[in-house]
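Asker: sharing a sequence plus its predicted fold:
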Amino acid sequence: MTRGKERILWASITFLLLAAWVFSPLEKAKAISSEGETYLQILHEVISYIENDFVDPIEEKKIYTGAIHGALQSLGDPHSRFLDKDDFQELQNETKGSFGGIGVEVSFQEGAFVIIAPLEGTPAWKAGLLPHDRITEINGKSTKNLSLSDSIAMMRGDVGSSLSMKIERKGLRDAFTVSLVRELIKIQYIRSAFLPETKTGYIKLAQFMGRENTEKEFTNNIRKLVDSGAKNIIIDLRMNPGGLLDLAIRIADLFLPGNKEIVSVRGRGGVLIRTFRSEKSETKFLDVPIAVLVNGGSASASEILAGALQDNKRAKIVGTQSFGKGSVQSIFPLSHGTGVAVTIQKYFTPSGKSIHGTGITPDLVVQPITATDEEKFAFDKLQKKNKLRPFLSEHPEFNEDVVRDFQKLLESEKLHIGDSVVRLYLFSELKSTSSFQKPNTELDLQLKEAIQLVSKEQ
């Protein structure tokens, strides 16, 4: 299989398929063992009693699909799942660049959608949704029994229309509801800036999408940063939910000498399927020190890139533990236009560490500035009183006057939020609604520590 075809599979509320799937023919289905035949007979007997004797009439289709879902759930793998006709069709519709929605990547786990990462600047990001948040309801309907296609249909809607979601967050006792307004999501995959005070080149990659265009743009941005005088490079993969495997491999290749392992793929029993290695080429950046920023929203292709550079001692990883998504699914077509997704392989870093379920551990763990429960309550109160959006609309740029005006707003409402949290909130919010600003190294503690770390290697 060529690099251009090798991908990671993601089912996504943003309607991006962040990986390719391997379609396998129907004749690959294997014969059932004698033990399997025994339990298949028992299953038919159970279904017969349900159909004939259960107190309430029940649709036959529901009984059988429930049995199929139960079989797949017994694997303990959230990515192996049954695809009805609509689901199967949905996974064959790939959308790139712009789309309607709320801008959040998810994985389906244990009857709920678990957020991988909200995309920067989108309604989900502005609403403060976080990695590992669980979406338990959409517009008041439980997600527990929703299929992929039903959930996507509920997420979709006209630009400007609204939807609500109930969220469960680790560390919070009670679930909470967020209201979002759908937007036309346009993704800017790459942003970069030269920070002359530290001679640092900063480049943020939002997703591993766009194939050759993204690779070319990434390479050109790195070259421009180096030509501008950058003595070190910071690659920001925070809140990057992943994407195309081949793109992650080609970007890793830019920073590695030839014949270095980037990632390996292993199947059942740990059998090695394939190892991807760097190639020899003239387009390389081998001498500039690198740090990679990751957090709980860095997944899949982000983890492959970070792991490759870390294990080859080509970059220092800074931030917090990444998400831990490193598996490959095959889509097997079934009868009557349906299909089944089955996890068949997992990804391993060059040192042999499995990405799936564990993620990438940073060389330097740095926690970001975060609001306390009291400060979150204050923000929530301002939101409910419709004070936040009007304030941001009246203050389109981040500066000291905006900070002072916000503190005055807090005083008028008899609320308290710390200065650093206020500054970070305003900087992040105003950055999302205006042209790209250079990162703020005083507010971004992870970036600040990363710069200090790579500066020692010059």
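Answerer: Arrived safely, thanks for sending. Numbers count the residues shown, from 1 in each chain.
Asker: state the pLDDT value of residue 394.
Answerer: For residue 394, the pLDDT comes out at 91.
Asker: who does the one helix or strand residue 383 maps to touch, helix- and strand-wise?
Answerer: Following DSSP states H and E, one finds residue 383 within helix 373-384. Packed against helix 373-384 by the contact rule (3 or more Cβ pairs under 8 Å, 6 or more residues apart in numbering; DSSP states H and E) you find no helix or strand. Bear in mind the C-beta positions are built from the backbone N, C-alpha and C, glycine included.
Asker: now the spatially closest residue to residue 231 that is not a sequence neighbour: how far from residue 360?
Answerer: On the basis of Cβ to Cβ, 6 or more residues apart in numbering, the spatially nearest residue to residue 231 that is not a chain neighbour turns out to be residue 199, at 4.3 Å. Remark: distance between residue 199 and residue 360 (Cβ to Cβ, to the nearest Å) = 27 Å.
Asker: equivalent analysis for residue 182, please.
Answerer: In terms of Cβ to Cβ, residue 182 sits 33 Å off from residue 360.
Asker: try residue 287
Answerer: Applying Cβ to Cβ, the value for residue 287 to residue 360 is 24 Å.
Asker: who has more neighbours, those two?
Answerer: Comparing residue 287 with residue 360 by neighbour count (other Cβ atoms under 10 Å), the higher total belongs to residue 360, at 28 against 7.
Asker: for the more buried one, which non-adjacent residue is closest in space?
Answerer: residue 322 (4.4 Å).
Asker: who are the contact partners of that neighbour?
Answerer: 294-296, 298-299, 302-303, 306, 359-360 (Cβ atoms under 8 Å, 6 or more residues apart in numbering).
Asker: show the backbone phi and psi for residue 276.
Answerer: phi -100, psi 130 (degrees, to the nearest 10).
Asker: three-state assignment of the nearest residue to it once chain neighbours are set aside?
Answerer: Closest residue to residue 276 apart from its sequence neighbours, by Cβ to Cβ, 6+ apart: residue 262 at 4.7 Å. Following DSSP: H, G, I helix; E, B strand; the rest coil, residue 262 is assigned to strand.
Asker: report pLDDT for residue 262.
Answerer: At residue 262, pLDDT is 98.
Asker: what is the neighbour count of it?
Answerer: Neighbours of residue 262 (other Cβ under 10 Å): 26.
Asker: that one against residue 252, yeah?
Answerer: Yes - counting by Cβ atoms under 8 Å, residue 262 does reach residue 252; the two are 4.9 Å apart.
Asker: joint contacts of the two?
Answerer: Contacts common to residue 262 and residue 252, judged by Cβ under 8 Å, 6+ apart, are 278, 304, 308.
Asker: can you pull the contacts of the first one?
Answerer: Neighbour list for residue 278: 252-253, 256-260, 262 [criterion: Cβ under 8 Å, 6+ apart].
Asker: how many other residues sit next to residue 396?
Answerer: 10.
Asker: assumed it was part of a strand.
Answerer: No - according to three-state DSSP, residue 396 belongs to no strand; its state is coil.
Asker: where in the stretch 51-200 of the chain is pLDDT low?
Answerer: 90-100, 108-112, 147-150, 152 (pLDDT under 70).
Asker: three-state assignment of the residue positioned nearest the centre of the chain?
Answerer: Nearest to the geometric centre of the chain sits residue 241, at 2.3 Å (Cα atoms, centre = their mean). Under the three-state scheme (three-state DSSP), residue 241 adopts coil.
Asker: once you drop chain neighbours, what's closest to it?
Answerer: That would be residue 105: by Cβ to Cβ, 6+ apart, it lies 3.7 Å from residue 241.
Asker: which helix or strand contains that neighbour?
Answerer: Here residue 105 is assigned to strand 104-109, by DSSP H and E.
Asker: now the phi/psi pair for the residue nearest to residue 81 when sequence neighbours are not counted, please.
Answerer: Of all residues not flanking residue 81 in the chain, residue 341 sits nearest, at 5.2 Å (Cβ to Cβ, 6+ apart). Note on residue 341: its backbone torsions stand at phi -100, psi 130 [degrees, to the nearest 10].
Asker: count of neighbours near residue 341?
Answerer: So residue 341, with other Cβ under 10 Å, has 23 neighbours.
Asker: still on that earlier bit, what residues does the residue nearest to residue 276 make contact with?
Answerer: 249, 252-253, 256, 276-278, 304, 308, 350.
Asker: now swap in residue 343 and tell me
Answerer: 75, 77, 79-80, 327-329.
Asker: give me the secondary structure label for it.
Answerer: strand.
Asker: tally of neighbours for residue 408?
Answerer: A count of neighbours around residue 408, defined by other Cβ under 10 Å, yields 10.
Asker: what's the distance between it and residue 374?
Answerer: 19 Å.
Asker: and what of residue 35?
Answerer: In terms of Cβ to Cβ, residue 35 sits 58 Å off from residue 374.
Asker: who has more neighbours out of the two?
Answerer: For residue 35 versus residue 374, the count of surrounding residues by other Cβ under 10 Å is larger for residue 374: 11 against 8.
Asker: can you pull the pLDDT of that one?
Answerer: Residue 374 is given a pLDDT of 91.
Asker: verify the stated contact: it with residue 416.
Answerer: Yes - counting by Cβ under 8 Å, residue 374 touches residue 416, with 7.3 Å between them.
Asker: and for those two, which residues touch both?
Answerer: By Cβ under 8 Å, 6+ apart, no residue touches both residue 374 and residue 416.
Asker: starting at the chain centroid, how far to stretch 363-376?
Answerer: Averaging C-alpha positions (Cα atoms, centre = their mean, to the nearest Å) puts stretch 363-376 20 Å from its chain's average.
Asker: hang on, the earlier thing: could you list every helix and strand in contact with the helix or strand following the strand holding residue 105?
Answerer: Helices and strands here follow DSSP H and E; after strand 104-109, the next one along the chain is strand 112-118. Strand 112-118 makes packing contacts with strand 104-109, helix 123-126, strand 134-138 when contacts are defined by 3+ Cβ pairs under 8 Å, 6+ apart.
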